[in-house]
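Predicted model follows, preceded by the sequence.
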Amino acid sequence: MALRDPVDKNMLRMEARRFTARCEAAVSSIERADNLREVSRMATSVHLPYTLSADDGSRDSLRLLQTRAEDRARELIQEQLHNLARADESQREKHRRTMLDAWTNLTGPLGHLRTWAQSKLLAAEQQNG
C-alpha cells in the first residue's frame, strides 16, 4: 500500500479506529466476565492485523486489552483463593480441584498466570496449615 495515497491513509485510519473500538468492546466484556474461561476467550479473540502493526494506537489498544484481561484474571484467582480459605474442611478439596480445572483455561497471553496462581495457592495452603 502506498502511504502517500490519501485514500489508503484514510482506509488505514478507519481500520485503526475500528480495531480500537473492537478492543474497547472486548475490554468492557472482560470487565463483566465472571469466570476465567470467558476472560481467556476474550483476551485471545482479538488479533492485531498486519496492516496495523505499525500503528501505535492499535498496538496500545491491544496492550490495554491484554493488561485488563490479566488484571481481571488475577482478581478472579484471588476471589477463588479467598473462597477456598473460607470453605469448610470437607469442601476444600472440591474447591481446589475446581480451581485447578479453571486454571487450565489460562492460555495465550494469560498462560503465565498459571504459575502465579499455583504459587498463590501454595502460599494460601501453607498459611491455612
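Received the coordinates, thanks.

contacts and neighbour counts: CA atoms only from here.
Noted.

Can you get me the centre-to-centre distance for stretch 15-25 and its chain?
The chain centroid and the centroid of stretch 15-25 are separated by 17 Å, computed with CA atoms, centre = their mean, to the nearest Å.

quick one: buried residues of that stretch?
15-16, 19-20, 23-24 (16 or more other CA atoms under 10 Å).

Would you mind putting those into TSV with distance to residue 87, secondary structure and pLDDT alongside?
Formatted as TSV, these follow (distance: CA to CA, whole Å; DSSP: H, G, I helix; E, B strand; the rest coil; pLDDT from 0 to 100):
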residue	distance to residue 87	secondary structure	pLDDT
15	49	helix	95
16	47	helix	95
19	43	helix	96
20	42	helix	96
23	37	helix	96
24	36	helix	96
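
show me what contacts the spatially most central residue of the chain?
In the chain, the centroid-proximal residue (CA atoms, centre = their mean) is residue 69; its distance is 2.5 Å. With contact set as CA atoms under 8 Å, 6 or more residues apart in numbering, residue 69 has these partners: 27, 30-31, 39-40, 42-43, 110.

how close does it get to residue 107?
Relative to residue 107, residue 69 is positioned 12 Å away (CA to CA, to the nearest Å).
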